[in-house]
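**Q** After the sequence you'll find the predicted model.
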Amino acid sequence: MTRRVPGRLIVGLMSGTSHDGVDAALVRIRGSGGRARVRFLHHVFVPYPQPVRRAVRSALDGHVSEVCRVNVLLGEVFSCAVEACVRGAGLRLGEVSAVASHGQTLFHVPPSGRKGGCTLQVGEAAVMAARTGLAVVSDFRPADMAHGGQGAPLVPFADHVLFRDRAPCAVHNLGGISNLTMVTPDVEGVFGFDTGPGNALLDEAMLALTGRPLDRDGRLARKGRAHDGLLRELMRHPFLRRRPPKSTGRELFGPAMARELLARWNLSAEDAMATLTRFTALSVRDAYRRFVLPTASPREVILTGGGTMNGFLVELLRDALAPLTVRLIDELGIPARAKEAVSFAVLANETLSRRPSGVPRATGAHRPAVLGKISYP
């Protein structure tokens, strides 16, 4: 017999653009809406087995059969991550209320002008529901896009719930794509947007240059020297000047861009990585100067996401954002790797309560949408 616990226990799942595995975070959430209270309990990272990693890369290249296959494969992997997270917290699956799964993004193109957008995240929710016996909230982005939004960034509502006691503050996520949320005391004032490249461009360049999937702690970039000409060109990218709401993906700042730049600019691996890492930091600074500081006064920037493990990038960001204080989210009790999974657990809690969690000032939607679809075992 399972014991009753106050609030909902939800396992959030997040698979990033590095395609290396899935993060699972268990949280307890009491209440809903802007006054919900969230307690982080446990986090695990489950790496993709090598065959799954190869299948994901193949699916990203557009092979339809691989898209279908990896959808089911990731449903199985994500189910294992849920079980590992719950077990690691000393609980049983029967004590958990639901699973929140962002899924593995294969494609995301926001609407532009009269052109509609489209998005695809995989990791079959029906498989997860069957394996875990739990309700699964998944596919969060389409509802926002159906209401005219960009389907990203989706975490500003969760950032408000998690950090409203520290408002006004900026929560900055260095995932595959870099995005920020300006957290205000009232949810109506919250806004957010994608600032540009995060880890995706760096990882793809590193893979092309060295065959390694990432520049661990920025060690290679630290040895190089940024190329001024290439840096000036990169900082003229039109996405940086586009006004929010705006979102982007690896389709813009990913493998195609990395290949094109490396082919056209004959740089050493060290100098190429130094340039791209500095570009990432300066594009973040540019976003704050253009679109945050003219209207808002954050007391601090809370830095999260996989990019926080790149010490060289964090150093560059601290310098770029000075005199703002840059604080790592780990100092506040949530591991950086777990934060996005925690955020989607918060969004799923709203979905289960039939409450909207989309933030139109972040996504450009016509109205707040109830995000996600629910699959039952």
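**A** Noted; the coordinates are in hand. Numbering: from 1, shown residues only.
**Q** who are the neighbours of the helix or strand where residue 276 lies, in terms of helices and strands?
**A** Counting by DSSP states H and E, the element that carries residue 276 is helix 269-287. Helix 269-287 is packed against strand 177-183, strand 191-197, helix 200-210, helix 219-223, helix 228-235, helix 238-241, helix 255-264, helix 311-321, with contacts defined by 3 or more Cβ pairs under 8 Å, 6 or more residues apart in numbering; DSSP states H and E. C-beta: built from backbone N, CA, C; applies to glycine.
**Q** what ranges do the helices span in this protein?
**A** Applying DSSP state H to the chain gives helices spanning 50-60, 64-88, 125-132, 141-146, 156-163, 200-210, 219-223, 228-235, 238-241, 255-264, 269-287, 311-321, 339-352, 360-363.
**Q** quick one, which of the ones you listed is nearest to residue 24?
**A** Minimum separation from residue 24 across those (Cβ to Cβ) falls at helix 64-88, 3.8 Å.
**Q** Now that closest one: buried residues?
**A** 66-67, 69-71, 73-75, 77-86 (16 or more other Cβ atoms under 10 Å).
**Q** And stretch 21-40, by the same measure?
**A** 21-29, 32, 36, 38, 40.
**Q** next one: stretch 165-184
**A** By neighbour count on 16+ other Cβ under 10 Å, the buried set for stretch 165-184 is 167-184.
**Q** And stretch 240-252, by the same measure?
**A** Within stretch 240-252, the residues that count as buried by 16+ other Cβ under 10 Å are 240, 242, 244, 245, 246, 247, 248, 249, 250, 252.
**Q** same check, this time on stretch 315-334
**A** Neighbour-count burial for stretch 315-334, counted by 16+ other Cβ under 10 Å, picks out 316, 317, 320, 321, 324, 326, 327, 329, 334.
**Q** Which strand residues bridge the nearest residue to the last one once chain neighbours are set aside?
**A** Looking back up the chat, that one is residue 334. In this structure, residue 334 finds its nearest non-sequential neighbour in residue 40, 5.1 Å apart by Cβ to Cβ, 6 or more residues apart in numbering. Residue 40 has these beta-bridge partners by DSSP bridges: residue 27.
**Q** pretty sure residue 6 is touching residue 37, no?
**A** No: shown here, residue 6 and residue 37 do not form a contact pair, counting by Cβ atoms under 8 Å, at 10.2 Å.
**Q** Overlap in contacts, those two.
**A** Both residue 6 and residue 37 are contacted by residue 30, under the criterion Cβ atoms under 8 Å, 6 or more residues apart in numbering.
**Q** which residues are in contact with the worst-scoring helix or strand of the chain on mean pLDDT?
**A** When each helix and strand of the chain is scored by mean pLDDT, DSSP states H and E, helix 50-60 comes last, with a mean of 85. Identification of contacts with helix 50-60 by Cβ under 8 Å, 6+ apart yields 19-20, 48, 66-67, 69-70, 73-74, 77, 104, 106, 122.
**Q** Save those as CSV, and put in pLDDT and distance to residue 135 too.
**A** Supplementary listing: the contacts of helix 50-60 in CSV, determined by pLDDT from 0 to 100; distance: Cβ to Cβ, whole Å:
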residue, pLDDT, distance to residue 135
19, 66, 27
20, 83, 28
48, 92, 25
66, 89, 28
67, 91, 25
69, 92, 25
70, 93, 23
73, 96, 22
74, 97, 18
77, 97, 19
104, 94, 20
106, 90, 24
122, 96, 19
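**Q** Quick one: mean pLDDT over stretch 210-230.
**A** Mean pLDDT, computed over stretch 210-230, is 96.
**Q** so what's residue 204 closest to, chain neighbours aside?
**A** Nearest to residue 204 is residue 258, by Cβ to Cβ, 6+ apart, at 4.0 Å.
**Q** Next, count neighbours for the one you found.
**A** Neighbourhood size, residue 258 [other Cβ atoms under 10 Å]: 24.
**Q** now the nearest residue to residue 203 once chain neighbours are set aside: how far from residue 54?
**A** The shortest distance from residue 203 to any non-neighbouring residue, by Cβ to Cβ, 6+ apart, is to residue 214 (5.2 Å). Applying Cβ to Cβ, to the nearest Å, the value for residue 214 to residue 54 is 17 Å.
**Q** So for the two, which sits in the more crowded spot?
**A** Shown here are residue 214 and residue 54; by other Cβ under 10 Å, residue 214 has more neighbours (18 against 14).
**Q** For residue 313, list the residues it contacts.
**A** 174, 202, 218, 221, 277, 280, 281, 307.
**Q** burial count for the fourth one?
**A** Neighbouring residues of residue 221 were enumerated by other Cβ under 10 Å; the total is 28.
**Q** and what of the one 3 residues further on?
**A** Applying other Cβ under 10 Å, we find 19 other residues in the vicinity of residue 224.
**Q** Just list the residues touching it, thanks.
**A** Residue 224 is in contact with 268, 269, 270, 271, 272, 273, 274, 275, counting by Cβ under 8 Å, 6+ apart.
**Q** Give me the buried subset of these.
**A** Listed as buried from these are 269, 270, 271, 272, 273, 274, 275; burial here means 16+ other Cβ under 10 Å.
**Q** Show the contacting residues for the residue nearest to residue 203.
**A** The contact partners of residue 214, by Cβ under 8 Å, 6+ apart, come to 18, 199, 202, 203, 206.
**Q** could I get stretch 113-121 in PDB with only the CA atoms?
**A** These are the backbone C-alpha positions of stretch 113-121, laid out as PDB (Å, rounded to 0.1, in the frame of the first residue of the first chain):
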ATOM      1  CA  GLY A 113       5.500  36.400 -41.000                       C
ATOM      2  CA  ARG A 114       2.700  34.500 -42.700                       C
ATOM      3  CA  LYS A 115       4.600  31.300 -42.600                       C
ATOM      4  CA  GLY A 116       3.400  28.900 -39.900                       C
ATOM      5  CA  GLY A 117       5.900  27.200 -37.600                       C
ATOM      6  CA  CYS A 118       6.300  23.500 -36.900                       C
ATOM      7  CA  THR A 119       8.000  21.400 -34.100                       C
ATOM      8  CA  LEU A 120       8.700  17.800 -33.400                       C
ATOM      9  CA  GLN A 121       9.700  16.200 -30.100                       C
END
